[in-house]
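Participant: just a sequence and a predicted model for now, questions to come.
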Amino acid sequence: MVRTIGNRQAELALALGTLFLPEQALSVRMVDEVVSQEQCEPNDALAELLPSAIKDQSSNTLMQRAYKQAKVYAKIPPQARIASKKVTRDDPIQHMIATREVDTDHFCGFVTQEAVQNNLIAYVEAMKQKNKKK
């Protein structure tokens, strides 16, 4: 999250438990695109792009758009995609591997605290009540 939206935005979002609305997620570059309901209407021209194995998804415009974008990436030689990902992701991956045990211990120690468990229980109960009202 930090690498995607930056330190301060991530810190605030995590501290406050922010749930981003679509336009907010777009503005902090958490998502690449927001698609309106109107844009989700079936598009027969895009449906023709889908391979036969997933033609049953042809009425799903989001699948059509995703497949169209995937075709753009598929034109990039695999070695180039791998190299660019390695350059941009290797340091954080190595850091995560090096600190995996410490992170796991910290997380487990945190979530098993009584106060945290009570908050999680209260949150789940609140979500259940919210769903009952719908």
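Facilitator: That came through fine.
Participant: could you use CA atoms for every contact and neighbour count after this?
Facilitator: Fine.
Participant: so who does the residue lying farthest from the centre of the chain touch?
Facilitator: Farthest-out residue of the chain from its mean C-alpha position, per CA atoms, centre = their mean: Glu114, at 29.5 Å. By CA atoms under 8 Å, 6 or more residues apart in numbering, the contact set of Glu114 is empty.
Participant: least confident secondary structure element in the protein?
Facilitator: Least confident helix or strand, the chain: helix 44-47 with a mean of 62, by mean pLDDT, DSSP states H and E.
Participant: which stretches in the protein count as helices?
Facilitator: In the chain, the helices defined using DSSP state H lie at 2-5, 7-16, 22-27, 44-47, 61-74, 78-98, 100-111, 114-133.
Participant: only alpha carbons, please: show the first one as CSV.
Facilitator: So that's helix 2-5. Extracted in CSV, the C-alpha atoms of helix 2-5 (Å, rounded to 0.1, in the frame of the first residue of the first chain):
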residue,chain,number,x,y,z
VAL,A,2,2.8,2.4,0.9
ARG,A,3,4.5,1.7,-2.5
THR,A,4,1.2,2.4,-4.3
ILE,A,5,-0.2,5.5,-2.5
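Participant: tell me the gap between that helix and the middle of its chain.
Facilitator: The chain centre lies 12 Å from the centre of helix 2-5; the measure is CA atoms, centre = their mean, to the nearest Å.
Participant: what's in contact with that helix?
Facilitator: With contact meaning CA under 8 Å, 6+ apart, helix 2-5 is reached by 9-11, 28-30.
Participant: show the average pLDDT along that helix.
Facilitator: Helix 2-5 shows an average pLDDT of 88 in the prediction.
Participant: mind listing what's buried in that helix?
Facilitator: Counting neighbours by 16 or more other CA atoms under 10 Å, one finds that the buried residues in helix 2-5 are Ile5.
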